[in-house]
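Engineer: Would you be able to build a 3D model of this:
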Amino acid sequence: MSNLTGFVKRIRDIMRNDAGINGDAQRIEQITWLLFLKVYDAKEQDWEFNEDDYISIIPENCRWSNWAVDDKSGIAMTGDKLLDFVNNTLFPTLKNLPVDADTPIKKAIVQTTFADANQYMKDGVLLRQIINIIDELDLTDYNEIHAFGDIYETILKELQSAGSAGEFYTPRAVTDFMAQIIKPQIGEKMADFACGTGGFITSWLKELKNQVKTTEDEQAYSNSIYGIEKKQFPYMLCITNMLLHDLDVPKVFHDNTLLRDVLDYTEDDKVNVILMNPPYGGSEKADVKNHFPADLASSETADLFMSVIMYRLKQNGRAAVILPDGFLFGTDNAKINIKKKLLSEFNLHTIIRLPSSVFAPYTSITTNILFFDNTGETKETWFYRLDMPEGYKHFSKTKPMKLEHFKPVIDWWENRREINEDGFDKSKKFTVTQLIEDFSYNLDLCGYPHEEEEILAPMDLIQRYEEQRASLNAEIDRVLEQITSLLGGNAQ
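Structural biologist: Below is the predicted model:
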């Protein structure tokens with residue numbers, strides 16, 4: 001393509017003239033299903049070349065090369081005819097493709113990708129223009145595929161400012177840092193049980209790729225990931241992302257992790273590595289709690305995912321998980337019990353405190369990265385506060401966090417030492433006895449000393465207050481119970 005760098009802008013400019021497109025999220029979703037079909041068509045051409053008996057799951061009239069490609073002969077569909085085909089033939093066909101348990105993953109992903117997809121455009125002439133731009137991509141050219149990978153990354157970044165869609169995107173600097181620290185190994189399986197657009201999977205594959213030397217390594221590389229995503233839009237983005245990364249059989253599933261009883265997991269369900277940014281700030285339906293032991297049944301989504309992670313991490317497995325401050329300081333029963341399980345059954349060796357605006361503009365809630373492994377109980381936990389880099393007051397869309405901003409942590413990681421700046425702990429080691437007896441499972445340590453300067457968005461502020469209120473109420477109840485017990489009575 002002669003103008004790959006202008007790819008997104010060209011499409012955006014055309015879509016602005018279409019009455020059916022309302023906002024960034026719809027624009028990106030529209031681009032994504034078109035891109036998926038283009039990428040999938042290129043994959044199918046490879047499969048047909050390499051497999052004598054390959055048969056597409058997509059009926060011939062709905063395959064990209066048979067309806068979308070404009071050979072300049074003047075017969076390519078456009079206008080009302082194109083709209084009618086896409087709305088009344090293409091979408092109903094792809095949404096209802098025959099899929100069962102025996103359908104190969106690389107075929108089944110077409111139906112799951114389109115199950116809840118939407119076609120927003122109302123102008124068939126503009127839709128033809130978009131299709132032609134996308135069809136210019138030469139996905140047989142290695143350099144062009146590599147360059148387009150960068151373009152796709154810009155599409156994912158734009159999600160951060162696309163309303164609620166931003167919740168599915170973790171900044172690449174963060175996923176790359178976590179993958180580097182976790183040190184992937186050939187033969188390991190990594191999972192993300194709320195994988196969004198596949199950021200952690202992509203970072204894992206990028207780190208692992210350097211170790212691929214043989215055909216067996218290549219096979220292990222391709223089989224090294226497992227993802228689940230509940231929502232259709234990010235799932236579609238993720239599958240396309242995986243196909244672009246040359247995973248012909250992306251083991252990413254459109255499902256809800258929290259709808260399975262955690263006690264039903266077997267050894268086969270466990271993985272070597274878990275990299276995750278669980279959804280937080282939301283809550284699940286009441287019956288979701290029934291899939292968890294009563295003492296771990298939280299109403300907070302991130303808490304439930306922490307329980308899943310602990311049940312699905314193999315012996316000697318490693319995990320790196322992003323969690324909000326509310327998990328660290330929370331003292332409600334479920335959070336305390338989850339932290340008890342974490343400290344008594346796993347080795348929580350490091351907590352990295354992140355600056356508040358890492359996820360801006362989606363949320364200003366301060367987050368943390370918990371690193372732990374399944375090698376036995378926690379003996380001691382290191383805390384490290386990552387401060388804003390020089391010259392930054394906060395991160396933003398135009399000044400996002402970069403991998404280089406993690407350099408202080410990376411330098412400290414291999415040569416740990418306690419650091420105190422201006423009378424505040426920046427890095428400190430605590431024994432598990434201190435965490436339990438002195439701090440009552442409150443892991444809000446080595447935090448930011450100037451919290452009064454933090455300005456939160458209204459909804460984030462409400463969430464923060466609700467978390468702090470719940471924590472304070474639980475603390476009051478515990479103290480009252482202790483006092484009542486000392487007085488020889490029973491707490492009511």
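
Engineer: which stretches of the stretch 201-350 of the chain aren't confidently modelled?
Structural biologist: Counting by pLDDT under 70, the stretch 201-350 of the chain contains low-confidence residues at 281-284.

Engineer: show me where the stretch 1-150 of the chain has helices.
Structural biologist: If DSSP state H, counting those that start in this stretch is used as the criterion, the helices of the stretch 1-150 of the chain fall at 7-15, 24-50, 64-67, 79-85, 91-95, 105-114, 124-135, 142-158.

Engineer: Could I get these in TSV, plus columns for distance to residue 368 and mean neighbour count?
Structural biologist: In this view, the C-beta of every residue, glycine as well, is placed from N, C-alpha and C. Compiled in TSV, these are given as follows (distance: least, CB to CB, whole Å; neighbours: other CB atoms under 10 Å):
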stretch	distance to residue 368	mean neighbour count
helix 7-15	33	17
helix 24-50	28	19
helix 64-67	44	16
helix 79-85	48	15
helix 91-95	40	16
helix 105-114	33	20
helix 124-135	40	19
helix 142-158	23	16
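
Engineer: Quick one: closest of the ones you listed to residue 249.
Structural biologist: Smallest distance to residue 249 across the helices of the stretch 1-150 of the chain (CB to CB): 5.0 Å, for helix 105-114.

Engineer: rewinding a little: between the helices of the stretch 1-150 of the chain, which one is nearest to residue 487?
Structural biologist: With CB to CB as the criterion, residue 487 lies closest to helix 24-50 of the helices of the stretch 1-150 of the chain, at 57.5 Å.

Engineer: by how many degrees do the closest one and helix 105-114 diverge?
Structural biologist: Our comparison of helix 24-50 with helix 105-114, counting by axes from the mean of the first three to the mean of the last three CA atoms, to 10 degrees, yields an angle of 160 degrees.

Engineer: contacting residues for residue 252?
Structural biologist: For residue 252, the contacting residues are 109, 195, 198, 201, 225-229, 235, 238-239, 242, taking CB atoms under 8 Å, 6 or more residues apart in numbering as the criterion.

Engineer: Oops, could you answer that again for residue 334 instead?
Structural biologist: Residues near residue 334 by CB under 8 Å, 6+ apart: 295-300, 303.

Engineer: So it: helix, strand or coil?
Structural biologist: Each residue gets one of three states, and residue 334 gets helix by DSSP: H, G, I helix; E, B strand; the rest coil.

Engineer: If residue 351 is in a bridge, with which residues?
Structural biologist: Counting by DSSP bridges, residue 351 is bridged to residue 370, residue 383.

Engineer: Tell me if I'm right that it and residue 380 touch.
Structural biologist: No: applying CB atoms under 8 Å as the test, residue 351 and residue 380 come out as separate, 11.7 Å apart.

Engineer: helix/strand/coil for residue 226?
Structural biologist: When the structure is split into helix, strand and coil by three-state DSSP, residue 226 lands in strand.

Engineer: Spatially nearest residue to it (excluding sequence neighbours)?
Structural biologist: With CB to CB, 6 or more residues apart in numbering as the criterion, residue 226 has its nearest non-adjacent residue at 4.3 Å, and that residue is residue 191.

Engineer: swap in residue 232?
Structural biologist: Leaving aside its chain neighbours, residue 232 sits nearest to residue 116 (3.7 Å; criterion: CB to CB, 6+ apart).

Engineer: burial measure for that neighbour, as a count.
Structural biologist: Burial of residue 116 is recorded as 13 neighbouring residues (other CB atoms under 10 Å).

Engineer: quick one: the strands in the chain?
Structural biologist: In the chain, the strands defined using DSSP state E lie at 190-192, 225-229, 252-254, 271-276, 313-324, 347-353, 367-373, 380-385, 419-421, 424-431.

Engineer: Output these in a markdown table, with distance to residue 150 appended to each entry.
Structural biologist: A markdown table is the format used below for the strands of the chain (distance: least, CB to CB, whole Å):
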| stretch | distance to residue 150 |
| --- | --- |
| strand 190-192 | 22 |
| strand 225-229 | 21 |
| strand 252-254 | 21 |
| strand 271-276 | 22 |
| strand 313-324 | 24 |
| strand 347-353 | 27 |
| strand 367-373 | 26 |
| strand 380-385 | 31 |
| strand 419-421 | 37 |
| strand 424-431 | 35 |
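
Engineer: tell me the most buried of the ones you listed?
Structural biologist: Of those, the one with the most neighbours on average (mean count of other CB atoms under 10 Å) is strand 190-192, at a mean of 28.

Engineer: tell me what that one is packed against?
Structural biologist: For strand 190-192, the packing partners by 3 or more CB pairs under 8 Å, 6 or more residues apart in numbering; DSSP states H and E come out as helix 199-209, strand 225-229, strand 271-276.

Engineer: Identify whichever of the ones you listed lies nearest to residue 469.
Structural biologist: The closest approach between residue 469 and any of the helices and strands packed on strand 190-192, judged by CB to CB, belongs to strand 271-276 at 26.9 Å.

Engineer: Okay, now the sheet partners of the closest one, with direction.
Structural biologist: Take DSSP bridges as the rule and strand 271-276 pairs in its sheet with strand 190-192 (parallel), strand 313-324 (parallel).

Engineer: With distance to residue 178 added, can I get those strands in CSV?
Structural biologist: Formatted as CSV, the entries for these read as follows, by distance: least, CB to CB, whole Å:
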stretch, distance to residue 178
strand 190-192, 11
strand 313-324, 4
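
Engineer: Identify whichever of those strands lies nearest to residue 54.
Structural biologist: strand 190-192 (29.0 Å).

Engineer: low-confidence ranges in the stretch 351-492 of the chain?
Structural biologist: 361-362, 450-457, 460, 463-464, 467-468, 470-472, 474-475, 478, 489-492.

Engineer: ok, 50 please
Structural biologist: For the stretch 351-492 of the chain, applying pLDDT under 50 flags the ranges 452-453, 491-492.

Engineer: Helices of that one, start to end?
Structural biologist: 407-413, 432-433, 458-486.

Engineer: Need the residues that contact stretch 103-122.
Structural biologist: When contacts are defined by CB under 8 Å, 6+ apart, stretch 103-122 is touched by residues 15, 18-22, 26, 29-30, 33, 36, 40, 43, 47, 56-58, 83, 86-87, 91, 94-97, 99, 127, 130, 232, 235-236, 239, 248-254.

Engineer: quick one on the thing from earlier: okay if I get the contacts of residue 334 as JSON lines plus distance to residue 6 and neighbour count?
Structural biologist: Below are these laid out as JSON lines (distance: CB to CB, whole Å; neighbours: other CB atoms under 10 Å):
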{"residue": "295", "distance to residue 6": "56", "neighbour count": "14"}
{"residue": "296", "distance to residue 6": "51", "neighbour count": "22"}
{"residue": "297", "distance to residue 6": "51", "neighbour count": "18"}
{"residue": "298", "distance to residue 6": "47", "neighbour count": "24"}
{"residue": "299", "distance to residue 6": "47", "neighbour count": "16"}
{"residue": "300", "distance to residue 6": "43", "neighbour count": "25"}
{"residue": "303", "distance to residue 6": "45", "neighbour count": "25"}
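
Engineer: Which of those residues fall in helices?
Structural biologist: residue 303 (DSSP state H).

Engineer: for the contacts of residue 334, which one is nearest residue 262?
Structural biologist: Ranked by distance to residue 262 (CB to CB), these are led by residue 296 at 7.9 Å.

Engineer: how about the closest residue to that closest one other than its chain neighbours, what does it touch?
Structural biologist: Of all residues beyond its chain neighbours, the one nearest residue 296 is residue 307 (4.7 Å), with distances taken as CB to CB, 6+ apart. Shown here is residue 307, whose contacts under the criterion CB under 8 Å, 6+ apart are 262, 292, 296, 298, 338, 341.
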